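>>> need coordinates for the below:
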Amino acid sequence: MADGDLQLVARRIRSFPDFPVPGVLFRDISPLLKDPDSFRASIRLLTNHLKETHGGKIDYIVGLDSRGFLFGPSLAQELGLGCVLIRKRGKLPGPTLSASYTLEYGKAELEIQRDALEPGQKVVVVDDLLATGGTMRAACELLGQLRVEVLECVSLVELTSLKGREKLGAVPAFSLLQYD
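Numbers count the residues shown, from 1 in each chain. Below is the predicted model of the structure:
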């Protein structure tokens with residue numbers, strides 16, 4: 001079933017060259033989101049990976065702004081967990097912590113609410129894409145400021161030629177699909 005699910009997911013990822021800027025090959029997940037069977041397959045595959053790898057050791061799923069919000073809550077529900085959000089700067093109320101990072105085509109800043117998690121809790125960070133690793137690294141830095149343990153960073157797609165997982169240091173990374 002896993003191979004069939006993975007093929008179903010892979011068939012729903014399409015590519016757009018030179019978007020959003022020249023030289024970037026954008027991997028579009030819109031067809032996956034449009035197809036309920038493919039989306040369910042992606043959640044099932046990620047859920048199975050996390051159950052096999054971490055068992056019941058995860059306290060929360062952390063979804064990254066913005067497409068991580070599409071996968072994080074569904075994954076958290078399947079695992080019987082809550083979902084915590086890391087947002088772009090200025091989108092969260094109350095006291096926050098922030099970290100700056102570079103994207104494959106720009107710069108940005110992420111924030112998390114100071115009271116989102118307790119020290120010692122264990123989380124998995126979820127996003128749709130691991131490219132240069134800047135977003136996930138910034139998320140891990142934020143979670144480190146809260147003294148939270150990041151068990152793993154997971155994504156639907158990984159652009160391996162950009163070597164983003166190297167920026168995560170000792171934090172393991174998992175992706176369903178890998179492209180150069």
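
>>> mind checking how far the longest helix belonging to the chain is from the chain centre?
Longest helix in the chain by number of residues (criterion: DSSP state H): helix 36-54. Here helix 36-54 is found 13 Å from its chain centre; the criterion is CA atoms, centre = their mean, to the nearest Å.

>>> ok, residue 19 - how many residues close by?
Applying other CB atoms under 10 Å, we find 12 residues neighbouring residue 19. Every residue, glycine included, has its C-beta placed from N, CA and C.

>>> tell me the buried residues in the longest helix of the chain?
38, 39, 41, 42, 43, 44, 45, 46, 47, 49, 50 (16 or more other CB atoms under 10 Å).

>>> how about the secondary structure of residue 94?
coil (DSSP: H, G, I helix; E, B strand; the rest coil).

>>> excluding chain neighbours, what is closest to it?
Excluding the flanking residues, the one nearest residue 94 by CB to CB, 6 or more residues apart in numbering is residue 113, at 5.5 Å.

>>> so what's that neighbour bridging to?
In this entry, residue 113 is beta-bridged to residue 96, by DSSP bridges.

>>> where exactly do the strands run in the protein?
Under the criterion DSSP state E, strands of the chain are mapped to 14-17, 25-28, 60-64, 82-88, 96-103, 106-113, 122-130, 149-159, 173-179.

>>> so can I have a markdown table of the buried residues of helix 36-54 showing pLDDT and distance to residue 176?
Shown next, in a markdown table, are the buried residues of helix 36-54 (pLDDT from 0 to 100; distance: CB to CB, whole Å):
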| residue | pLDDT | distance to residue 176 |
| --- | --- | --- |
| 38 | 98 | 11 |
| 39 | 98 | 12 |
| 41 | 98 | 9 |
| 42 | 98 | 7 |
| 43 | 98 | 10 |
| 44 | 98 | 11 |
| 45 | 98 | 6 |
| 46 | 98 | 7 |
| 47 | 98 | 11 |
| 49 | 98 | 8 |
| 50 | 98 | 12 |
